[in-house]
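K.L.:
Predicted model, plus sequence, below.
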Amino acid sequence: MHDLRAEIADHSQADRIAIDWRTADLDPVDVALCEYTEKLTLTPAAVGPEDIEGLRSVGLDDQGITSATQVIAYFNYINRIAEGLGVPMEVWLHDDGTRRDA
């Protein structure tokens, strides 16, 4: 798992995002991407044109939506492979994905 804190200078904000993005006071684009990610991950058959329009409404173009969808799908795929093969979680992570040394 990539450490989100390597991407965000505010480590407490990174931890809030990792634990529950809804409490992290994200901008509208990031909220829309998180909502889309959650829906595509948990209920992929429920994703429809309204979800794509929602992403467009916050300023994403088709290339950005395609890129986001590919990244989301890749992480879902690789996580399912790891889970299916019984790959243990990295020892440096808590169950919620935050670092043990934080």
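P.N.:
Good, I have the coordinates.

K.L.:
My guess is residue 39 contacts residue 50. True?
P.N.:
No: Residue 39 is beyond contact range of residue 50, at 10.4 Å (criterion: C-beta atoms under 8 Å). Any C-beta I mention is one placed from the backbone N, CA and C, and that applies to glycine too.

K.L.:
Which one's more surrounded, the two?
P.N.:
Using other C-beta atoms under 10 Å as the criterion, residue 39 and residue 50 rank with residue 39 on top: 16 against 7.

K.L.:
measure the closest residue to the more buried one other than its chain neighbours to residue 33 for me?
P.N.:
Of all residues not flanking residue 39 in the chain, residue 47 sits nearest, at 5.7 Å (C-beta to C-beta, 6 or more residues apart in numbering). Distance of residue 47 to residue 33, given as C-beta to C-beta, to the nearest Å: 13 Å.

K.L.:
same deal with residue 83?
P.N.:
23 Å.

K.L.:
Look at those two and report which has more neighbours.
P.N.:
Between residue 83 and residue 33, residue 33 has the larger neighbour count (other C-beta under 10 Å), namely 21 against 10.

K.L.:
Quick check: the gap between the closest residue to the more buried one other than its chain neighbours and residue 78.
P.N.:
Closest residue to residue 33 apart from its sequence neighbours, by C-beta to C-beta, 6+ apart: residue 68 at 6.0 Å. Distance from residue 68 to residue 78, counting by C-beta to C-beta: 16 Å.

K.L.:
ok, the two, which is more surrounded?
P.N.:
The neighbour comparison of residue 68 against residue 78 (other C-beta under 10 Å) goes to residue 68, with 17 against 11.

K.L.:
The helix or strand encompassing the more buried one packs against which elements?
P.N.:
Using DSSP states H and E, the element containing residue 68 is helix 62-85. Counting contacts by 3 or more C-beta pairs under 8 Å, 6 or more residues apart in numbering; DSSP states H and E, helix 62-85 packs against helix 28-42, helix 49-57.
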